[in-house]
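Chemist: Dropping the sequence and predicted coords here.
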Amino acid sequence: MAKIRLATIWLGGCSGCHMSFLDLDEWLFDFAEKVDVVFSPVGSDIKDYPENVDVCLVEGAVANEENLELLREARQRTKFLISFGDCAVTANVPAMRNMLGGSEPVLKRCYLELGDEHPQLPNFPGIVPELLDRVRPVHEMVEVDMYIPGCPPDANRIRKAIAPLLEGQTPDMTGRDMIKFG
Amino acid sequence: MSVKTLTIDGVPIAIEEGTTVLEAARQNGVHIPTLCHLEGISDVGACRLCLVEINGSPKLQPACVTEVAEGMNIRTNTETLQDYRRTIVELLFAEGNHVCAVCVANGHCELQDLAIEVGMDHSRLPYRFPEREIDVSHDRFGIDHNRCVLCTRCVRVCDEIEGAHVWDVAYRGAALKVVTGLNQPWGAVDACTSCGKCVDACPTGAIFRKGSTVAEMERDRDRLEFIVNARKDHQWTR
Ligand code: SF4
Ligand code: SF4
Ligand code: SF4
Ligand code: FES
């Protein structure tokens, strides 16, 4: 049987969900027999999101232009997209800036008011991505096929959610083990 | 005392007149999710999680404020109800700012428990991200309006059990919030006895003890029920 083409992407998140994924320890060996990691910040060194991806785990909220672009590309080229962790599912901590009234007051506070030596707003079009005015959860921007909440979801939850997928089954995402936030 | 006969989820029961549908269900081992209901204080039907279907009524009825009646045929767990309950929980999450990862109540929160119970793995409704305040002017406690679900349990417990009536509800619509005193900083309200009953009553991380950190805030829910029973039945130990 052909291996499953797996990608993971990292948007506005702390990488904790990816770290939790690595916490799967030796199960990762079994996992590696069934999947090819075709794109991932922790599992490959490929720069462009490939075509024909079977499953993609999306960590992080959609916080800037680059996040949005990568997410749209991933959605377009992926069969099954998983919103992975609270930042992806609820926008979580990154979205706490939404309550401060958009990106401008936040940038001003960080880079001008608290800037020590040369207070200036970051501005390198094409290099430093613009912040979106609002941080949003993944499913508010593209269609999502499955949700794994948790901040981060622990390794057991990740395993119980993705192991059935490898066998072509849908996991039972119910109960405290599978859907707790935070 | 007269007795009413009715059915809950097809099971015939007989129960004292004046009992609420919620009480009747619980006494017969039927679980109905609730949020604004708290044993020991009055019911106000604020959260609508306890909605049930009653034959002959086109509307769904809140079990906590509906009294049993002769011949009622009540259903507590239909697909419609499950769907509405999940939507209500999603509304509560989308309406405030629930960042469980950095909340004192994480892991000990009735709203979170409800999300798990109704199978909410994400909110289909867009988050509002309202700007809300935090008041930490009280020596020992604080209120974070970002986490408040407006169940008014604090209002009722303070009025009905402590007798201090520090809490009230002010404003309307999206601006609605609980206030202390006449919307004074909590620490400035002389009527507050610092008993902490509101802290025990709050289902979420909204009212907390100062110094509690993320996921550390556990409450003694039975304390309030104990006080009420103790007064009624003169049982002063537990
Ligand atoms: S009160 Fe706290 S733990 Fe409960 S749902 Fe809100 S943020 Fe999460
Ligand atoms: S501490 Fe007691 S008196 Fe003060 S507001 Fe809370 S319930 Fe009321
Ligand atoms: S502060 Fe707590 S108890 Fe009071 S209304 Fe809000 S959620 Fe309910
Ligand atoms: S518990 Fe009945 S309406 Fe809230």
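Modeler: Yep, that arrived. Ligands and ions are numbered 1, 2, ... in the order given.

Chemist: So for A:Leu121, what's the nearest residue that isn't a sequence neighbour?
Modeler: A:Tyr111 (5.2 Å; CB to CB, 6 or more residues apart in numbering or on different chains). The way it works is simple: take the backbone N, C-alpha and C, and place the C-beta from them, glycine included.

Chemist: close enough to count as contact, B:Glu90 and B:Met120?
Modeler: Yes: using CB atoms under 8 Å, B:Glu90 makes contact with B:Met120 at a distance of 5.9 Å.

Chemist: Comparing the two, which residue is more hemmed in?
Modeler: The residue with more neighbours, out of B:Glu90 and B:Met120, is B:Met120; 23 against 18, by other CB atoms under 10 Å in any protein chain shown.

Chemist: State the pLDDT value of the more buried one.
Modeler: Per-residue pLDDT puts B:Met120 at 97.

Chemist: List the contacts of it.
Modeler: Contact partners of B:Met120, counting by CB atoms under 8 Å, 6 or more residues apart in numbering or on different chains, are A:179, B:86, B:89-90, B:93, B:114.

Chemist: repeat that for 10 Å
Modeler: Contact analysis of B:Met120 by CB atoms under 10 Å, 6 or more residues apart in numbering or on different chains lists A:147, A:149, A:179, A:181, B:85-90, B:92-93, B:112, B:114.

Chemist: what about the residue nearest to A:Leu121, how many neighbours?
Modeler: For A:Tyr111, using other CB under 10 Å, the count is 15.

Chemist: first vs last residue of stretch A:102-118, how far apart are they?
Modeler: Distance between the two ends of stretch A:102-118: 23 Å, counting by CA to CA, to the nearest Å.

Chemist: Could you report the neighbour count for the closest residue in space to A:Leu70 that isn't next to it in sequence?
Modeler: In this structure, A:Leu70 finds its nearest non-sequential neighbour in A:Ile9, 5.9 Å apart by CB to CB, 6+ apart. When counting by other CB under 10 Å, one arrives at 25 neighbours for A:Ile9.

Chemist: pretty sure A:Ile9 is in contact with A:Val55, am I right?
Modeler: No: contact criterion CB atoms under 10 Å: A:Ile9 and A:Val55 do not qualify, at 11.6 Å.

Chemist: what residues are shared contacts of the two?
Modeler: With CB under 10 Å, 6+ apart as the test, A:Ile9 and A:Val55 both reach A:78, A:81.

Chemist: Lowest mean pLDDT among the helices and strands of chain B, which one is it?
Modeler: When the helices and strands of chain B are compared on mean pLDDT, DSSP states H and E, helix B:222-233 comes out lowest with a mean of 83.

Chemist: What is that one packed up against?
Modeler: Secondary-structure packing of helix B:222-233 (3 or more CB pairs under 10 Å, 6 or more residues apart in numbering or on different chains; DSSP states H and E): helix B:153-157, helix B:197-201.

Chemist: and the ones you listed, which is most packed in?
Modeler: Most buried of the helices and strands packed on helix B:222-233, by mean neighbour count (mean count of other CB atoms under 10 Å in any protein chain shown): helix B:153-157, with a mean of 25.

Chemist: Can you name the residues of chain B that neighbour ligand 4?
Modeler: Counting by CB under 6 Å from any ligand atom, chain B comes close to ligand 4 at B:34-37, B:45-50, B:62, B:64.

Chemist: circling back: any chance of the contacts of B:Met120 in a markdown table, plus secondary structure, distance to B:Arg231 and pLDDT?
Modeler: A markdown table is the format used below for these (DSSP: H, G, I helix; E, B strand; the rest coil; distance: CB to CB, whole Å; pLDDT from 0 to 100):
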| residue | secondary structure | distance to B:Arg231 | pLDDT |
| --- | --- | --- | --- |
| A:Tyr147 | strand | 46 | 98 |
| A:Pro149 | coil | 42 | 98 |
| A:Ile179 | helix | 40 | 94 |
| A:Phe181 | coil | 38 | 95 |
| B:Arg85 | helix | 33 | 98 |
| B:Arg86 | helix | 38 | 98 |
| B:Thr87 | helix | 38 | 98 |
| B:Ile88 | helix | 33 | 98 |
| B:Val89 | helix | 34 | 98 |
| B:Glu90 | helix | 39 | 98 |
| B:Leu92 | helix | 32 | 98 |
| B:Phe93 | helix | 36 | 98 |
| B:Gln112 | helix | 32 | 97 |
| B:Leu114 | helix | 30 | 98 |
